[in-house]
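A.B. asks: Model the structure of this input:
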Amino acid sequence: MTNEAATATSPAEAAPAPEPIPHGLGVSLPPADTRAKTEGTFPYAADLWAEGLLWAAVLRSPHAHARIVSIDTSHAREMPGVRAVVTHEDVPGSALHGRGTADRPVFASEVVRHHGEPIAAVAADHPDTARMAAAAVIVEYEVLDPVVDPELAFEAESLHPDGNLIRHIPLHHGDPSAAGEVVVEGQYRIGRADPAPIGAEAGLAVPRPDGGVELYLASTDPHSDRDTAAACFGLTPDRVKIVVTGVPGATADREDQGFQLPLGLLALRTGCPVKLTATREESFLGHAHRHPTLLRYRHHADAEGRLVKVEAQILLDAGAYADTSAEALAAAVSFACGPYVVPNAFIEGWAVRTNNPPSGHVRGEGAMQVCAAYEAQMDKLAKKLGVDPAELRLRNVMATGDVLPTGQTVTCPAPVAELLQAVQEFPLPPLPKDTPEEDWLLPGGPEGAGEPGAVRRGVGYGLGMVHMLGAEGADEVSTATVKVLDGVATVLCAAVETGQGFTTLARQIVQETLGVDEVHVAPVDTDQPPAGASCHGRHTWVSGGAVERAAKMVRTQLLQPLAHKFGMSTELLQITDGKITSYDGVLSTTVAEELHGKELWATAQCRPHPTEPLDASGQGDAFVGLAFCAVRAVVDVDIELGSVRVVELAVAQDVGRILNPAQLTARIEAGVTQGVGIALTENLRTPRGLVRHPDLTGYALPTALDAPDIRIVKLVEERDVVAPFGAKAASAVPVVTSPAAIASAVRAATGRPVNRLPIRPQAAVVTGQ
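C.D. replies: Residues are numbered from 1 along each chain as shown. Down below sits the predicted model:
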């Protein structure tokens, strides 16, 4: 052997071993599916396939309001390749379904109540055949005048057997005769926003030999969807199984039940697997949107700017069906005063049916709409008093121990003043160069028609709050199982990964608790115990809590034999960096050695403390916990064209505890960017109830080019003692707060009132300059 060869193979010269990947809570453990999603090999619902597959298509109403005179399916049934056509007559079980209230038909039978409502569904051997057959179903309509103004819904003829009023909440808190020395009023409108998931709805239904059916869907609440499907199919829940496939992100309820149910009916009717992949137009027509809202406010304050009383009227347009409008209204009314101390509050809230597209759960529902309004009121009050807007807010912010207008005491950490001061003190971005030779971004983009001399800069603030978990007595419970075999752990929990990072968190919890490196999270289906919906940060709290409890039970099983052998309790043993040691150093072994050849498992539940419904006066302990956020927006506005560019958003957020820094940063940045769209571009237009331009050309989502510099200036880690790990929900509150801050900055730049979101160009034009 030559000296060169010996040197090359010498152990002393071998490459150093790679650094171990950090694990456990508090580190930025990457998601397990990152590589698959990056390479395009991650299996989404649209990628599913089965032998003997049929394709489905749905016929939807072209009218917002019409009476159905007749439905003729004969031409569709006679087409070659068509295997089944189903209408309302073919629903064997319950004809109604719905997220919060079962008031929506699977297929319209007598009346069409919104544009895009399903009338019939077809299964055929080719997707083009299915679409042509759906178009061949002849429906005779008697077109009716739609009710599209929610204010007219109170006096209009009933649009639904349950009436037009879904819920009314009168909130009375304090002295109605109280009055302030300074009063400001305003009326505000929030437009209809669409969750616009990047991946449109898709699913596969496979009939079972026992007469049941399996649905492969990107569901965010599989057990609820299973129970609804079973009721409509006329089956017991054990004969319907939902398998959750890859979810391509979700900021709202995915896979609307009106999409799932025709799919399952066709599979049961044909005895064959059936696949349905929605077009973008069908996606816009089929799923729920953010509630358009009309808000009227009157704020009373003393001469120093401290709030005395808030009066408000809030009207949510629920669209044709109730969905989760009752819950959205409760959030809107409860948070109508914002994170401020208000001794007297009198809020009236209504949610009504119209012939507009249905509204439902979208991230920050209710809270986002009122945040835009009460922050506009705070700007008006500051202007009238001649006080700096940030200073006025600081004089009124709430803290732990204060009382909400619902009468509930804020027991969780509420560092609102600290958040606002953090963004207020953060250095402002530099002003752009005034000389035309310098390249700097103008509102409207580098190819826009703007002139530097017409640009005004504005700085604005927003304070927002959201509730965590369900509210008003919702039974929030989740179940998880942790199994360990030969040192490899597996988590079974029906919490759906929607991009919020639950599967990564579950791995971190088990790594932290048991000291094992390899942790897998099993795919979700309804054979597992329920974990509830993926919203309001509930899986971080409830499902994460269940995983932690199950892991701790396995930890006890692991340590008990050692504790017994050495005559000590398990509390005197600790697991750190894969090693088990005792307090006195007598015992030192590795987790891997003690788990070798063993199988341990445990199942646990997590259920937070109960809440209660709001009473007839809007009072009650309705919420488990709260999260807060402060945003400072810096914008440039072309006051001649009305175009707006968001230069920077500085964010400070109340997070409880940072469990995964990278994921937390990503969730906040994504939420803030979503807020930019709500503030400036996203508006689903529905003249006379008809969705105009239901595509991503007509509906303008913010892109990477629209995203401003986002500065996360402070994350307050004050743990909520009643929450597992002390962590709080992170995604919704920046969505709620950033639109209000952007509107505030546009007001500062233009001096215009800006009372509507999204901000239209004419609202930012300043004349006479």
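A.B. asks: show me where the stretch 451-600 of the chain has helices.
C.D. replies: 502-514, 538, 544-566, 591-595 (DSSP state H, counting those that start in this stretch).
A.B. asks: before we move on, what about the stretch 301-450 of the chain?
C.D. replies: Under DSSP H, counting those that start in this stretch, the stretch 301-450 of the chain gives helices at 325-334, 367-385, 389-396, 416-425.
A.B. asks: and if you look at the stretch 1-150 of the chain?
C.D. replies: Assigned by DSSP H, counting those that start in this stretch, the stretch 1-150 of the chain shows helices spanning 3-9, 34-39, 74-77, 127-136.
A.B. asks: Mind checking those for the one nearest to residue 506?
C.D. replies: With C-beta to C-beta as the criterion, residue 506 lies closest to helix 34-39 of those, at 15.7 Å. Just so you know, the C-beta spots here come from the backbone N, C-alpha and C atoms, and that holds for glycine as well.
A.B. asks: From the contact counts, what lies against that closest one?
C.D. replies: Using 3 or more C-beta pairs under 8 Å, 6 or more residues apart in numbering; DSSP states H and E as the contact test, no helix or strand touches helix 34-39.
A.B. asks: what about that helix, average pLDDT?
C.D. replies: Throughout helix 34-39, pLDDT has a mean value of 84.
A.B. asks: quick one, phi psi at residue 296?
C.D. replies: Main-chain dihedrals, residue 296, degrees, to the nearest 10: phi -120, psi 130.
A.B. asks: Number of residues surrounding it?
C.D. replies: For residue 296, the count of nearby residues is 15 (other C-beta atoms under 10 Å).
A.B. asks: likewise residue 35?
C.D. replies: 11.
A.B. asks: quick one: the nearest residue to residue 549 once chain neighbours are set aside from residue 543, how far?
C.D. replies: Nearest non-adjacent residue to residue 549, counting by C-beta to C-beta, 6 or more residues apart in numbering: residue 604, 3.6 Å away. In this view, residue 604 and residue 543 are 11 Å apart by C-beta to C-beta, to the nearest Å.
A.B. asks: if I look at residue 484, how far off is residue 509?
C.D. replies: Counting by C-beta to C-beta, the gap from residue 484 to residue 509 is 13 Å.
A.B. asks: pLDDT below threshold where in this protein?
C.D. replies: By pLDDT under 70, the weakly predicted segments of the chain are 1-22, 251-255, 432-440, 444-450, 768-769.
A.B. asks: more crowded one of residue 484 and residue 509?
C.D. replies: residue 509 (29 against 25).
A.B. asks: list the contacts for the more buried one?
C.D. replies: 25, 544, 547-548, 551 (C-beta atoms under 8 Å, 6 or more residues apart in numbering).
A.B. asks: Now find how far off-centre stretch 158-169 is within its chain.
C.D. replies: Relative to the chain's own centre, stretch 158-169 is displaced by 26 Å; criterion: C-alpha atoms, centre = their mean, to the nearest Å.
A.B. asks: pretty sure residue 182 contacts residue 306?
C.D. replies: No - look at residue 182 against residue 306 with C-beta atoms under 8 Å: they stay out of range, at 10.1 Å.
A.B. asks: Determine the angle, from 0 to 180 degrees, between the helix or strand harbouring residue 624 and helix 367-385.
C.D. replies: Counting by DSSP states H and E, the element that carries residue 624 is strand 623-638. Strand 623-638 and helix 367-385 meet at an angle of 60 degrees, taking axes from the mean of the first three to the mean of the last three C-alpha atoms, to 10 degrees as the criterion.
A.B. asks: Relative to strand 623-638, what are the paired strands and their orientations?
C.D. replies: Paired neighbours of strand 623-638 in the sheet (DSSP bridges): strand 455-471 (antiparallel), strand 644-654 (antiparallel).
A.B. asks: What segments of the stretch 1-150 of the chain are strands?
C.D. replies: For the stretch 1-150 of the chain, the strands defined by DSSP state E, counting those that start in this stretch occupy 54-60, 66-72, 82-86, 96-97, 104-105, 111-112, 118-124, 138-143.
A.B. asks: Counting by contacts, list what the last one packs against.
C.D. replies: So that's strand 138-143. strand 66-72.
A.B. asks: just the fourth one next, same as before
C.D. replies: Counting contacts by 3+ C-beta pairs under 8 Å, 6+ apart, strand 96-97 is packed against strand 104-105, helix 222-233, helix 257-270.
A.B. asks: and if we set it to 7 Å?
C.D. replies: For strand 96-97, the packing partners by 3 or more C-beta pairs under 7 Å, 6 or more residues apart in numbering; DSSP states H and E come out as strand 104-105.
A.B. asks: and the strand it packs on, which strands flank it?
C.D. replies: strand 96-97 (antiparallel).
A.B. asks: chain center to the partner strand, what's the gap?
C.D. replies: That offset, for strand 96-97, works out to 23 Å (C-alpha atoms, centre = their mean).
A.B. asks: can you check stretch 84-91 too?
C.D. replies: On the basis of C-alpha atoms, centre = their mean, stretch 84-91 sits 33 Å off its chain's mean C-alpha point.
A.B. asks: Noted, bye for now.
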